[in-house]
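Visitor: The sequence isn't on hand, but the structure is:
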């Protein structure tokens, strides 16, 4: 964390500082890359979890068939029989990035497989992200803070959790895009250069390509613009940074198929248009103020205000009427659940059922951002000391992201960069103050005034008022820079004296101890991050390990099961499972699935949920109507794998019951308690999920003891009539059942059963659409 | 009641506005004309949309936004080349114009994707 190289008075030392910070940045990049390789070293180079498998499959398609086929790709191997238009419903940024990377490497005759490129995309981009953080923080508070923030971001656990090698998900590139877009906005704001504004729009385009979280940018930047206007900090630089971004950004965003005309139609984007109008009004007002005498301006204000209010009222009325006319007020479900945290649990169980959409717990803040949580307030204070446009943006960023992270645990990822920037500022300011007071009080140095001038140069640069800062950043050529430096130095000399008096009140011992404590804090952070990267976040979740007294156990059941499916079933067979395993089944087993993690059709998922929570016969009928050949369930009862289907079962009941009302949640609960032992309700003990999970389970230990729920199961000996077990993995984690073909001569029986089910169903308004 | 005073004030205001604007250099006036033209074109399109409907929405969107974008970029150029803006005295007008051309290029490359 060598963040204390300060700009030196002489050109030579200045150049030395530049080289040093470049070298540090390089090391930070290496650190960011290598800390994410624990998963490759401890396990192997595989794609992790669920969504990455889909992205991997899309990338494979892209590299095999080219970009045009990719845009038109209709995938018939998922959401059977509906299919899914992949090209128009996927954020293409990540796929295109990895595809391009692979193509470049191949043209350079470096024959890497697509999978390898996918695995290492996330670590590479986290190195980029830490460099982007350096740039952003440098614009806010100078080089020292930038380097510290970059080093913090390189190993913040929250970001590591989403970007370890193999975690090939949208967030991997999106965080880089997010920070880089913010950097370019601040840069455009500080310099007032149209060039950076254009780059900003292009970076925003990349962000829109990569992640749905781009709405955060298009709402945060208008908020900041509004804040600047309200607090009287409007400048023409603000106009140049914002107005082209809205026009270009909106146009570019509508180019991405998955966003399309939503970029101008939904409420998420309206804030930016409103502020766009406001900034034009404000710009006009400032312009007229500039060319008129103050007295005439007063007259103009009274005249314009009376007319302007009427016009604004009319426009607002039209806007509100437009927004109110749409049923969800123009907001998409996920955005609404952000604004109203209880929205999802009330109306959309499918969003609420995803664990990463739950609100986080307090320990998860400490786990994910660790000591940064304590440094953030100090950073906010440091931002206020000389409040500039850039630092007010940083404050706004942390304030909003703290709120969002409180709503959804996965948005902790947006908070992490903000926390790193703030902590970087805090740490570097603190180091600056302490080292300066030590240096000033050391004998021999205190008399040496040039050293002090050079040393405080950093602070001067931070403390300069806004206008001076913009001038600083405008200096592009070194020759001009030198000239200005000479001029500035004389101006600064007087300021330096004052600042020294103000800052150097800390006694020597106190500052030495404080530095020691800060280093200790940093060391604690590093230790925690390395532990989190190595132990907590590097598990690929398709391969599990457990450590017991007799050594390391590896559970590779998922790949065993998918491998079995791949080699022992027909290519066109349909496999039904809960939606969590849809992406993996299509990617690893190459078999058609009914539902997958995309969750775009709630009814379809509810159909599968209903089948899982129905008795065997009814379930067989539903599955048969969907052409399903195999049913896959995940069962952790033997080895104690907690996130298995029995634990997710209540969500299946809830989602199924939301569409098909004959499935009622209380039927599966005994006195409001979810249990699978002998006290369980008969509906529970007879539903398909229970039967498939616990079929022949009693044969393992003679008692049927479930190690996840820590009970003996309720119903131990039973037979399956409509399903047959075809494969169970080594640790029983995945069990695959085959639907038995209908019997030849059971006419009387089917008639009875049919009349029974139809009478049962007749009361329900919504029927299984696949009948 | 005070009808005469506001109208007199307004007259004086317009007069002073006119005299103040007359002092602007010619190159800025040309840019102003350009901005006015772009805004006027955008307004015509919006009126057309209000009367006829926005059916080929991509055409409408790109048409209006290209006009608005052109106007916005020209305003940016005007801000940067205006000698009275102290913030941009370091920025040579050639550089400002180059940025303007680049930004326009990007804008209209995007607009081209919406044609048809």
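Guide: In hand now; what should we look at? Being a predicted model, the structure only gives us computed values, none of them experimental.

Visitor: For residue A:590, which residues are in contact?
Guide: A:77, A:566, A:571 (C-beta atoms under 8 Å, 6 or more residues apart in numbering or on different chains). In short, each C-beta sits where N, CA and C put it, glycine included.

Visitor: Which of these ranks first by neighbour count?
Guide: Ranked by the number of neighbours (other C-beta atoms under 10 Å in any protein chain shown), the contacts of residue A:590 place residue A:77 first, at 19 neighbours.

Visitor: So that one lies in a helix, does it not?
Guide: No - counting by DSSP: H, G, I helix; E, B strand; the rest coil, residue A:77 is not part of a helix but coil.

Visitor: Settle this for me: it is touching residue A:592, isn't it.
Guide: Yes - contact criterion C-beta atoms under 8 Å: residue A:77 and residue A:592 qualify, at 4.7 Å.

Visitor: what sits in contact with each of those two?
Guide: Residues touching both residue A:77 and residue A:592 (C-beta under 8 Å, 6+ apart): residue A:586.

Visitor: Okay, now the unreliable bits of chain B?
Guide: Scanning chain B for pLDDT under 70 picks out the ranges B:1-6, B:116.

Visitor: what's the single longest helix in it?
Guide: For chain B, the longest helix by residue count, based on DSSP state H, is helix B:26-52.

Visitor: Give the full set of residues in contact with the residue nearest to residue A:705 when sequence neighbours are not counted.
Guide: Excluding the flanking residues, the one nearest residue A:705 by C-beta to C-beta, 6 or more residues apart in numbering or on different chains is residue A:712, at 5.4 Å. For residue A:712, the contact set (C-beta under 8 Å, 6+ apart) comprises A:677, A:678, A:703, A:704, A:705, A:706.

Visitor: and which of the residues you listed is nearest to residue A:741?
Guide: Nearest to residue A:741 out of the contacts of residue A:712 is residue A:704 (C-beta to C-beta; 29.6 Å).

Visitor: Ramachandran angles for the closest one?
Guide: Backbone geometry at residue A:704, expressed as degrees, to the nearest 10, gives phi 70, psi 50.

Visitor: wait, it sits on residue A:717?
Guide: No - taking C-beta under 8 Å as the definition, residue A:704 is not a contact partner of residue A:717, at 9.1 Å.

Visitor: Show me which of these two is the more surrounded one.
Guide: More neighbours surround residue A:704 than the other of residue A:704 and residue A:717, with 20 against 8 (other C-beta under 10 Å).

Visitor: For that one, report the pLDDT, please.
Guide: pLDDT for residue A:704: 82.

Visitor: which residues touch it?
Guide: Residue A:704 touches A:694, A:697, A:698, A:712, A:713, A:716, counting by C-beta under 8 Å, 6+ apart.

Visitor: one step back: ok, and for the following helix or strand past the longest helix of chain B, which residues are buried?
Guide: Sequence order places helix B:57-81 as the next helix or strand after helix B:26-52, per DSSP states H and E. Using 16 or more other C-beta atoms under 10 Å in any protein chain shown as the test for burial, helix B:57-81 gives B:57, B:60-81.

Visitor: re earlier: quick one: the longest helix of chain B to helix B:57-81, angle?
Guide: Between the axes of helix B:26-52 and helix B:57-81, defined by axes from the mean of the first three to the mean of the last three C-alpha atoms, to 10 degrees, the angle is 160 degrees.

Visitor: and helix B:26-52, what other elements does it pack with?
Guide: For helix B:26-52, the packing partners by 3 or more C-beta pairs under 8 Å, 6 or more residues apart in numbering or on different chains; DSSP states H and E come out as helix B:57-81.

Visitor: so how far is the helix it packs on off the chain centroid?
Guide: Relative to its chain's centre, helix B:57-81 lies at 7 Å (C-alpha atoms, centre = their mean, to the nearest Å).

Visitor: Helix or strand next in line after it, which one?
Guide: Following helix B:57-81 toward the C-terminus (DSSP H and E): helix B:93-112.

Visitor: List the contacts of residue A:58.
Guide: A:70, A:86, A:90, A:95.

Visitor: what about 10 Å?
Guide: Residue A:58 makes contact with A:70, A:73, A:75, A:86-87, A:90, A:92, A:94-96, A:98-99, A:587 under the criterion C-beta atoms under 10 Å, 6 or more residues apart in numbering or on different chains.

Visitor: Next: residue A:713.
Guide: By C-beta under 10 Å, 6+ apart, the residues touching residue A:713 are A:637, A:646, A:676-678, A:680, A:685, A:690, A:693-694, A:697-698, A:703-706.

Visitor: pLDDT weak spots in the stretch 401-550 of chain A?
Guide: Low-confidence segments of the stretch 401-550 of chain A, defined by pLDDT under 70: A:443-505.

Visitor: Going along the chain, name the strands of it.
Guide: Along the stretch 401-550 of chain A, counting by DSSP state E, counting those that start in this stretch, strands occupy A:544-548.

Visitor: For it, just list every one of the helices.
Guide: According to DSSP state H, counting those that start in this stretch, the stretch 401-550 of chain A carries its helices in the segments A:412-441, A:449-463, A:466-474, A:478-503, A:508-531.

Visitor: pretty sure residue A:570 contacts residue A:738?
Guide: No - taking contacts as C-beta atoms under 10 Å, residue A:570 lies outside contact range of residue A:738: 11.6 Å.

Visitor: Find the residues that touch each one of the two.
Guide: With contacts taken as C-beta under 10 Å, 6+ apart, residue A:570 and residue A:738 have residue A:629 as neighbours in common.

Visitor: Please say which of those two ends up with more neighbours.
Guide: residue A:738 (16 against 8).

Visitor: sec struct for the more buried one, please.
Guide: Under three-state DSSP, the three-state class of residue A:738 is strand.

Visitor: what's near enough to touch it?
Guide: Going by C-beta under 10 Å, 6+ apart, residue A:738 touches A:569, A:573, A:628, A:629, A:630, A:631, A:723, A:724, A:725, A:726, A:727.

Visitor: next one: residue A:309
Guide: Residue A:309 touches nothing, counting by C-beta under 10 Å, 6+ apart.

Visitor: tally of neighbours for the one residue in the stretch 551-700 of chain A that gets nearest to chain B?
Guide: Nearest residue of the stretch 551-700 of chain A to chain B: residue A:600, at 23.2 Å (C-beta to the nearest C-beta). Residue A:600 has 14 neighbours, counted by other C-beta under 10 Å.

Visitor: Wait, it touches residue A:84, no?
Guide: Yes - Residue A:600 is within contact range of residue A:84, at 7.1 Å (criterion: C-beta under 10 Å).

Visitor: what is in contact with residue A:704 and residue A:717 at once?
Guide: Counting by C-beta under 10 Å, 6+ apart, the common neighbours of residue A:704 and residue A:717 are A:696, A:698.

Visitor: Just the buried ones from the contacts of residue A:738, in ChimeraX syntax?
Guide: To isolate the buried members of the contacts of residue A:738 in ChimeraX, using 16+ other C-beta under 10 Å:
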select /A:569,573,628,629,630,631,723,726,727
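
Visitor: buried stuff in the longest helix of chain B?
Guide: In helix B:26-52, residues buried by neighbour count (16+ other C-beta under 10 Å) are B:28, B:31, B:34, B:35, B:38, B:39, B:41, B:42, B:45, B:46, B:49.

Visitor: Return the member of those nearest to chain A.
Guide: Of all those, chain A sits closest to residue B:39, with 10.2 Å by C-beta to the nearest C-beta.

Visitor: contacting residues around that closest one?
Guide: Taking C-beta under 10 Å, 6+ apart as the test, what residue B:39 contacts is B:67, B:68, B:70, B:71, B:72, B:74, B:75.

Visitor: Could you report the neighbour count for the nearest residue to residue A:381 once chain neighbours are set aside?
Guide: Leaving aside its sequence neighbours, residue A:381 sits nearest to residue A:426 (C-beta to C-beta, 6+ apart; 7.9 Å). Using other C-beta under 10 Å, residue A:426 has 26 neighbouring residues.

Visitor: Could you do residue B:102 as well?
Guide: 15.
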